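[1] Got a predicted model here, sequence first, then my questions.
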Amino acid sequence: MLHNYYKISFMTRIPYLLYPAAGLCVGLFSVADAQQPNVILIYTDDLGYGDLSCYGAQMVNTPHIDSLAAIGLRFTQCYSTAATSTPSRYSLLTGEYAWRRDNTNIAPGDACLIIDPDKITLADVMKKAGYTTAAIGKWHLGLGASPGPEWNSHIVPGPAEIGFDYSYLIPATGDRVPCVYVENGRIVNLDPADPVKISYTEKIGNEPTGHEHPELLKQRPSHGHDQTIINGISRIGYMTGGKSARWIDEDMADTLTSKAKYFIGKNKDHPFFLYFATHDIHVPRVVHARFAGKSGLGARGDAILQLDWCVGELMKTLRDNKLEKNTLIIFSSDNGPVVDDGYHDQSAELLGGHKPAGPLRGGKYSAFEAGTRVPFIVVWPGTVRQGTTPAAFSQIDLLRSFAAFLNIQLADSVGSDSFNHWSQLTGNDTSDREFIVQQSVTMTLSVIQNDWKYIEPSSKTNYNPDTKIEFGNTPEPKLYHLSEDISEQNNVTKKFPEKTIELARLLESIRNGR
């Protein structure tokens, strides 16, 4: 990027964010205050389609999330855009498929901000409509300018440069260094005399690693994840310094939830947008003692209980502040489930009969349905219909849907892959999106239209023996009729060659900008 990151401001992007009429500009803030709901987007990590009792799970109980489903709208066919974290989050916030841009697959912990500050985001739309905006929790979209973050000073660009008034972040993931929180661009509790240093290429400093000193670990890696030890857990990457700033994994859910609750209370008298990205159910799954061993399903099951508690705490905060009737809540996940994702935490051994993906094939990383078909619940009492909807919906449409609802006009170049599906979001229309595009970790693309799913051919590896997940890559294309074969067991390309060709052409036209 050629522009100066440090001089980017929200005002420089106004030409891309327009009002439908000049007169609306004058009264927009008062309209929002009087009529528009607060919006909370709870974006969980690695939660599968079958991980919640309201989606059919029988061996784990999620009463708080179930209560959302009971008073709101539960989608049975909602999709993230990708089977991994970074591209899903990129698409959700920008309304653009991540595969259209370089360096948007799984971001390393020292990546620079992958969303161009010139790009209008969902947070920008909300802010323009008079909302106070916040991002709390897992980020994994990079921070700082190229070649990477200046960890020991003000880290820019970051959430503030793409529409968030406040941020309190896990910079990447819990299994990647740096293991610190970043609040409004600065590491929390950093001692200037003990600066943070990060490397993903070579060991730095004298910090012990899991590879060298497994005897120091309270949770051992099963594959990878054997570099610098923080809080008794070895991570991906090397870190030294910042000892006073390092997080304690067991307290992570409490810390992030308390920040979210404070933000809600502070902004209870005017509209707010909260992007609350929990770290559950991602590894390392080291939960608070309140939940450890309580699920009977190992650490992953315990993390589901902890996530449900987080949701319950937010709901209680809304009730305490008398905001529950004027708050729109969206609950979803960034991608599908994985059981063994790098640590020996007994999640695989104690899985028992629990099926994290429900009836779906594959999981996180995969081109099959379990990679991107995720739980999706929408609640706004009195406006969003209660019940279940079969409408095929994509998270990428949140940007244009909210812009339409809030009467914010966007230039055609903004959110170019996002469409207004507000009627589907609120349950007033059960028709499917025209097409759904899915991205696997190997960059294999799939397209769904009218219950037909096409997975493009790929010569890339098809199976990860560590995670025990199949990616869905084969030299020949695959075609499934999802309404008859939700588990994607029967490739019917030979039976329906014309449909295979039709969807292959559709995918190619989308890839080329349609």
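    Noted; the coordinates are in hand. Residues are numbered from 1 along each chain as shown.

[2] mind listing the helices for the stretch 1-150 of the chain?
    22-35, 63-71, 85-94, 122-128 (DSSP state H, counting those that start in this stretch).

[3] mean pLDDT lowest for which of the ones you listed?
    Summarising mean pLDDT across the helices of the stretch 1-150 of the chain, the least confident stretch is helix 22-35, with a mean of 35.

[4] Can you get me the centre-to-centre distance for the lengthiest helix in the chain and its chain?
    The longest helix of the chain (DSSP state H) is helix 298-320. Using Cα atoms, centre = their mean, to the nearest Å, we find the averaged C-alpha position of helix 298-320 to lie 17 Å away from the chain's own average C-alpha position.

[5] on contacts alone, who are the packing partners of the helix or strand immediately after it in the chain?
    Scanning forward in sequence from helix 298-320 by DSSP states H and E, the next helix or strand is strand 327-333. In this structure, strand 327-333 packs against strand 38-44, helix 63-71, strand 373-379, with contacts taken as 3 or more Cβ pairs under 8 Å, 6 or more residues apart in numbering; DSSP states H and E. Heads up, the C-betas are built off the backbone N, CA and C, glycines and all.

[6] got the CA positions of strand 327-333 in CSV?
    The C-alpha coordinates for strand 327-333 follow below in CSV (Å, rounded to 0.1, in the frame of the first residue of the first chain):
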residue,chain,number,x,y,z
THR,A,327,-30.6,-4.7,21.3
LEU,A,328,-30.1,-6.8,18.1
ILE,A,329,-27.8,-9.8,18.9
ILE,A,330,-26.2,-12.0,16.3
PHE,A,331,-24.4,-15.2,17.5
SER,A,332,-22.3,-17.2,15.1
SER,A,333,-18.9,-18.8,14.5
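
[7] Could you spell out the sheet neighbours of it, each with its direction?
    Strand 327-333 sits in its sheet next to strand 38-44 (parallel), strand 373-379 (antiparallel), going by DSSP bridges.

[8] Any chance of those strands in CSV with distance to residue 192 and mean neighbour count as columns?
    Below are the strands paired with strand 327-333 laid out as CSV (distance: least, Cβ to Cβ, whole Å; neighbours: other Cβ atoms under 10 Å):
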stretch, distance to residue 192, mean neighbour count
strand 38-44, 33, 25
strand 373-379, 42, 25
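
[9] Would you agree residue 400 falls within a helix?
    Yes. Going by DSSP: H, G, I helix; E, B strand; the rest coil, the assignment for residue 400 places it inside a helix.

[10] Just list the residues touching it, thanks.
    Contact criterion Cβ atoms under 8 Å, 6 or more residues apart in numbering gives 95, 410, 415, 418-421 as the residues in contact with residue 400.

[11] try 10 Å this time
    Applying Cβ atoms under 10 Å, 6 or more residues apart in numbering, we find residue 400 in contact with 95, 122, 125, 408, 410, 414-422.

[12] Among these, which are located in helices?
    Of the positions in the contacts of residue 400, 122, 125, 422 sit in helices, assigned by DSSP H.

[13] Please report which of those has the highest neighbour count.
    Highest neighbour count within those, by other Cβ atoms under 10 Å: residue 125, with 28 neighbours.

[14] wouldn't that residue be in contact with residue 131 here?
    Yes. The pair residue 125 and residue 131 qualifies as a contact (Cβ atoms under 10 Å) at a distance of 8.8 Å.

[15] shared neighbours of these two, anything?
    If you check residue 125 and residue 131 against Cβ under 10 Å, 6+ apart, the residues they both contact are 163, 273, 402, 406.

[16] follow-up on the earlier one: what about dumping the CA coordinates of the longest helix of the chain to CSV?
    What follows is the C-alpha trace of helix 298-320 in CSV, where atoms were taken according to Å, rounded to 0.1, in the frame of the first residue of the first chain:
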residue,chain,number,x,y,z
GLY,A,298,-12.5,-32.9,27.8
ALA,A,299,-11.1,-29.4,27.5
ARG,A,300,-13.1,-28.6,24.3
GLY,A,301,-16.4,-29.4,26.0
ASP,A,302,-15.4,-27.4,29.0
ALA,A,303,-14.6,-24.5,26.6
ILE,A,304,-18.2,-24.7,25.2
LEU,A,305,-19.6,-24.4,28.8
GLN,A,306,-17.3,-21.3,29.3
LEU,A,307,-18.5,-19.8,26.1
ASP,A,308,-22.1,-20.3,27.1
TRP,A,309,-21.4,-18.5,30.4
CYS,A,310,-19.9,-15.6,28.5
VAL,A,311,-23.1,-15.3,26.5
GLY,A,312,-25.1,-15.4,29.7
GLU,A,313,-23.1,-12.7,31.3
LEU,A,314,-23.8,-10.4,28.3
MET,A,315,-27.5,-11.1,28.4
LYS,A,316,-27.5,-10.4,32.2
THR,A,317,-25.8,-7.1,31.5
LEU,A,318,-28.4,-6.1,28.9
ARG,A,319,-31.2,-7.0,31.3
ASP,A,320,-29.6,-5.0,34.2
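
[17] mind listing what's buried in that helix?
    By neighbour count, and taking 16 or more other Cβ atoms under 10 Å as the criterion, the buried residues in helix 298-320 are 298-315, 317-318.

[18] Ok, stretch 343-357 next?
    343, 345-347, 350-351, 354-357.

[19] do the same with stretch 425-439
    Of the residues in stretch 425-439, those buried by neighbour count under the rule 16+ other Cβ under 10 Å are 425-427, 432-433, 435-439.

[20] For that stretch, the averaged confidence score.
    For stretch 425-439, mean pLDDT is 98.

[21] Check stretch 325-342 too.
    The predicted model assigns stretch 325-342 a mean pLDDT of 98.

[22] mind checking the end-to-end distance for it?
    Looking at stretch 325-342, the gap from its leading to its trailing residue is 41 Å under the measure Cα to Cα, to the nearest Å.

[23] And stretch 462-482, by the same measure?
    Separation of the first and last residues of stretch 462-482 by Cα to Cα is 21 Å.

[24] Now it: average pLDDT?
    Predicted confidence along stretch 462-482 averages 97 (mean pLDDT).

[25] hmm, who's touching stretch 211-223?
    Contacts to stretch 211-223, defined as Cβ under 10 Å, 6+ apart, come from residues 175, 203, 207-210, 225-227, 229, 231-236, 249, 283-286, 299, 340-346, 348, 464-467.

[26] quick one: least confident helix or strand in the chain?
    Taking mean pLDDT, DSSP states H and E as the measure, helix 22-35 is the helix or strand of the chain with the lowest mean score, a mean of 35.

[27] Of all the strands paired with strand 327-333, which one is nearest residue 366?
    Among those, strand 373-379 comes nearest to residue 366, with 10.6 Å by Cβ to Cβ.

[28] between the closest one and helix 85-94, how many degrees?
    Using axes from the mean of the first three to the mean of the last three Cα atoms, to 10 degrees, the inter-axis angle of strand 373-379 relative to helix 85-94 is 40 degrees.

[29] now the next helix or strand after strand 373-379: mean pLDDT?
    Moving toward the C-terminus from strand 373-379, the first helix or strand encountered (DSSP H and E) is strand 387-389. The average pLDDT within strand 387-389 is 98.

[30] Going by neighbour count, list what's buried in strand 387-389.
    Neighbour-count burial for strand 387-389 flags residue 389 (criterion: 16+ other Cβ under 10 Å).

[31] helices or strands next to it in the packing?
    Applying 3 or more Cβ pairs under 10 Å, 6 or more residues apart in numbering; DSSP states H and E, one finds that strand 387-389 makes contact with helix 63-71, strand 73-79.

[32] Mind giving me the packing neighbours of the longest one?
    What it means is helix 63-71. On a contact count with 3+ Cβ pairs under 10 Å, 6+ apart, helix 63-71 meets strand 38-44, strand 73-79, helix 298-320, strand 327-333, strand 373-379, strand 387-389.

[33] neighbouring contacts of the last one?
    Meaning strand 387-389. Contacting residues not belonging to strand 387-389 are listed as 54, 69-70, 72-78, 376, 378, 424-430 [Cβ under 10 Å, 6+ apart].
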